[in-house]
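K.L.:
Predicted model and sequence follow; I will ask about them next.
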Amino acid sequence: MSDFSHPRDYMNAIIEKLESKNPREGARVKSSFSLLPSLFLHLSSSEVPAGELYEFRVKFTQLISDSSNFMGLYHYLGDCSDYAELGRLNGYEPACLMRSVLQIFNDEFVVWDEVRRAEIRGGFAEEIADIDQTLREVSDEAPPVREDDIPKWVPESHWWWHAPQQQDMSEDERKSRLEYDHWDGV
């Protein structure tokens, strides 16, 4: 993660990434989303004028709902879903991280009223519901995420980090699942 000194630096970097000419829309969105947790954390401890923050949110929303970045958002959602599907093995923790980024995206940064195409919001909500359902389904055998491995910026309301039902899983069993390689099953 970049280490900027002020939330404005993160906001500018996110906008620059989404406006870049990188032909891979998934890379633009993924790199901009990688800055959202730091921005979220910095906003809790720094003052940014409400108007400036709102301007950023509107610009961010307009860029993310642009057709190429919109596809990048769906690639990100798809990657999160893929990790969730691997939740009984080594995908649970990466799915949680991506799911938390998606939650702060939804709660803190996107202005849904600024999205001109209703199917974007509806599609996002459906994908999130599917990811949440998958996380619930795999939590019966998912390796637990150790408390020290949960990022400090993650709010308590992000239930998926604590959903694995086998919190007492032995470290050997946890390690064998986390180090699973698809060739192990062959």
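P.N.:
That came in fine, so what should we check first?
K.L.:
May I have the residues that are in contact with residue 157?
P.N.:
Going by Cβ atoms under 8 Å, 6 or more residues apart in numbering, residue 157 touches no other residue. Heads up, the C-betas are built off the backbone N, CA and C, glycines and all.
K.L.:
Let me know the pLDDT of it.
P.N.:
Note on residue 157: pLDDT of 96.
K.L.:
quick one: what helix or strand has it in it?
P.N.:
For residue 157, there is no helix or strand it lies in under DSSP states H and E.
K.L.:
Also residue 99?
P.N.:
Residue 99 belongs to helix 92-104, assigned by DSSP H and E.
K.L.:
which helices and strands sit right next to that helix?
P.N.:
helix 36-43, helix 67-85, helix 118-138 (3 or more Cβ pairs under 8 Å, 6 or more residues apart in numbering; DSSP states H and E).
K.L.:
contact partners of that helix?
P.N.:
Against helix 92-104 from outside (Cβ under 8 Å, 6+ apart): 33, 36-37, 40, 76-77, 79-81, 83-84, 86-87, 128, 131-132, 134-135, 138, 142-143, 145, 149-151, 154, 158, 160-161, 164, 178.
K.L.:
on that earlier part again, Serialize the helices and strands packed on helix 92-104 to TSV and add fields for mean pLDDT and distance to residue 26.
P.N.:
Listed next are the helices and strands packed on helix 92-104 as TSV, based on pLDDT from 0 to 100; distance: least, Cβ to Cβ, whole Å:
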stretch	mean pLDDT	distance to residue 26
helix 36-43	94	16
helix 67-85	93	4
helix 118-138	95	15
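K.L.:
which one of these lies closest to residue 10?
P.N.:
helix 36-43 (3.9 Å; Cβ to Cβ).
K.L.:
and the angle from that closest one to helix 92-104?
P.N.:
50 degrees (axes from the mean of the first three to the mean of the last three Cα atoms, to 10 degrees).
K.L.:
got the CA positions of helix 36-43 in CSV?
P.N.:
Extracted C-alpha coordinates of helix 36-43, given in CSV (Å, rounded to 0.1, in the frame of the first residue of the first chain):
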residue,chain,number,x,y,z
LEU,A,36,-9.6,2.3,-0.4
PRO,A,37,-8.7,0.8,3.0
SER,A,38,-6.0,3.3,3.5
LEU,A,39,-8.2,6.2,2.5
PHE,A,40,-10.9,4.8,4.8
LEU,A,41,-8.5,4.7,7.7
HIS,A,42,-7.1,8.2,7.0
LEU,A,43,-10.5,9.7,6.8
